[in-house]
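A.B. asks: need a structure here:
(chains A and B)
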Protein chains: 2
Amino acid sequence: MIGKSTIKQLKSLALKKYRQKEKLFLVEGNKNVLEVLRSNYEVTQLFATKAFLSENHILPTQAKQIAEVTEEEIKKASQLKNPQHSLAVCTLPTDEFLPEKTDDLSVYLDDIQDPGNLGTLIRICDWFGISQLFCSPDTADLYNPKVIQASMGSFCRVNVSYIPFETAFTIARNSGATVCGAFLKGKNIYTEELPLKVLLVIGNEGKGISESVEKSIEYKITIPGFSRKNEGAESLNAAVATGIICAEFKRQQFF
Amino acid sequence: MIGKSTIKQLKSLALKKYRQKEKLFLVEGNKNVLEVLRSNYEVTQLFATKAFLSENHILPTQAKQIAEVTEEEIKKASQLKNPQHSLAVCTLPTDEFLPEKTDDLSVYLDDIQDPGNLGTLIRICDWFGISQLFCSPDTADLYNPKVIQASMGSFCRVNVSYIPFETAFTIARNSGATVCGAFLKGKNIYTEELPLKVLLVIGNEGKGISESVEKSIEYKITIPGFSRKNEGAESLNAAVATGIICAEFKRQQFF
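C.D. replies: Numbers count the residues shown, from 1 in each chain, chains lettered A, B, ... in the order given. Modelled structure (predicted):
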């Protein structure tokens, strides 16, 4: 059973201030829960249905406490519209790992606001083997339940660091990476030979890359559009644009 | 001023049954509202702030009724977390245009459920000059306010038709298009020479392309993943995958 006060506590974890106060975050959705149980995150409490527990052979060591609950109870505690059969409460990490060098391709998000976009971006990084995602301090919070949800477990594999652009820029330059930015006007990614080592900067959903960051961009790139009437979509969704650019980097390097 | 009963009516338009009963749909967000005013949709009512109206020189002919309201009032009527300065009520179209032939690239969505994904997919079509988007009857509804919102005005330029797969298949074949499907296992889009004329089928977020549709797919394609530990993301978000595949079709054709 999930008591009333626990439900209240779980619901409060939708807000960053309560996540920081309680030093906890919430993982919902069966796929996410299974991934977090296999990860290095500390799962303090697992609420799951009998069916979920028997299907997935959760070891007691994977979660400090396991409570068998009904679907109805999960529904009450859930932030999701369509809750599933499990819900994990995890310890909020206190220290952030900051790499000294970047890989061939890493990404810096300049104030991405939408939690769904951030989660999708983490999933894109995971798909393309990008182990490091840098975020500006004002980017949506990794531990927002909507971010975790949209990442589909990928938050367990991609290292997310919140740092000012200058710090990411220094790490990128020390690694020999070119700092590229996605703009509406830039070099066509399909006719350019893209640099082999890159820090890709992606701007805010509405405002794009901020002026102060733009000054440090060494290489402006763009995805060519094909609207027929010269009055089509002004831009692509930030996550879609990132996916297309990452795919093109990998294509040029590997195929 | 927006009266209480109007607010109730506007809120009800979040649900399909009320949209169909009232024969109306809601357009929110300044960009969407400006686009719908310029489109062929009939705007029956426009609620907007004084600033929005003076900045944008709305002609009375563009909306049957224009009401100057406060931001506070828009907030009350809005479905958005961060409402903007305008809100348009439009007549729900009664007839759907169904093209006899497809363009070089068209898309069929097989039960996309998330309204945000559908809106983003419409925006992708618009960006890549894809004028026709086919949707299975169970795909999210175009006139869901969240779909309109995520489309960022692109719903005004992309024709969306809800038809069974068989109908889309017939149209595609009559147009000489190859029916391609995005799968987790298929031909690598980067090493294949993709067909010049294509109907691209995209599956449901969780289940992928349904079995009955899969039988008719002539050409299965996949986006190569680069997870390093062989245990990375299982898939990409449906809209991101569509963006990457559409971009690759265009690249092969034009660059």
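A.B. asks: wait, does the helix or strand containing A:L199 make contact with chain B?
C.D. replies: When elements are assigned from DSSP states H and E, A:L199 belongs to strand A:198-202. No - residues of strand A:198-202 contacting chain B under Cβ under 8 Å from any Cβ of the partner chain: none, with a closest distance of 12.9 Å. C-betas here are computed from N, CA, C, even on glycine.
A.B. asks: going on from that strand, what's the next piece of helix or strand?
C.D. replies: Of the helices and strands lying after strand A:198-202 in sequence (DSSP H and E), the nearest is helix A:211-214.
A.B. asks: then the next helix or strand after that next one to CSV, C-alphas only?
C.D. replies: If you walk from helix A:211-214 toward the C-terminus, the next helix or strand you reach (DSSP H and E) is strand A:219-222. In CSV, the C-alpha atoms belonging to strand A:219-222 read as follows (Å, rounded to 0.1, in the frame of the first residue of the first chain):
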residue,chain,number,x,y,z
TYR,A,219,31.2,27.0,-37.4
LYS,A,220,27.5,27.7,-38.1
ILE,A,221,25.5,24.9,-39.7
THR,A,222,22.0,24.6,-41.0
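A.B. asks: and strand A:219-222, which strands flank it?
C.D. replies: Taking DSSP bridges as the criterion, strand A:219-222 pairs within the sheet with strand A:178-188 (parallel).
A.B. asks: next, the angle from the partner strand to strand A:198-202.
C.D. replies: Between the axis of strand A:178-188 and that of strand A:198-202 there is an angle of 60 degrees, by axes from the mean of the first three to the mean of the last three Cα atoms, to 10 degrees.
A.B. asks: helices or strands next to the helix or strand harbouring A:I244 in the packing?
C.D. replies: Element membership for A:I244, per DSSP H and E: helix A:238-254. Helix A:238-254 makes packing contacts with strand A:105-109, helix A:115-127, strand A:178-188, strand A:198-202, helix B:115-127, helix B:238-254 when contacts are defined by 3 or more Cβ pairs under 8 Å, 6 or more residues apart in numbering or on different chains; DSSP states H and E.
A.B. asks: pull up the per-residue confidence for the closest residue in space to A:P195 that isn't next to it in sequence.
C.D. replies: The shortest distance from A:P195 to any non-neighbouring residue, by Cβ to Cβ, 6 or more residues apart in numbering or on different chains, is to A:T178 (4.0 Å). Among the per-residue scores, A:T178 shows a pLDDT of 97.
A.B. asks: who does A:T178 form a beta bridge with?
C.D. replies: Under the criterion used (DSSP bridges), A:T178 bridges to A:V198.
A.B. asks: host element of the nearest residue in space to A:G153 that is not next to it in sequence?
C.D. replies: With Cβ to Cβ, 6+ apart as the measure, A:E35 is the residue that lies nearest to A:G153, at 3.3 Å, once sequence neighbours are left out. Taking DSSP H and E as the criterion, the element that holds A:E35 is helix A:30-38.
A.B. asks: next up, the contacts around the residue of the stretch 151-255 of chain A found nearest chain B.
C.D. replies: At 3.5 Å from chain B, A:F226 is the closest residue in the stretch 151-255 of chain A, using Cβ to the nearest Cβ. By Cβ atoms under 8 Å, 6 or more residues apart in numbering or on different chains, the contact list for A:F226 reads A:232, B:127-129, B:250, B:254.
A.B. asks: just to revisit the earlier point, what residues are up against the residue nearest to A:P195?
C.D. replies: In this structure, A:T178 makes contact with A:172, A:195, A:197-199, A:218-219, judged by Cβ under 8 Å, 6+ apart.
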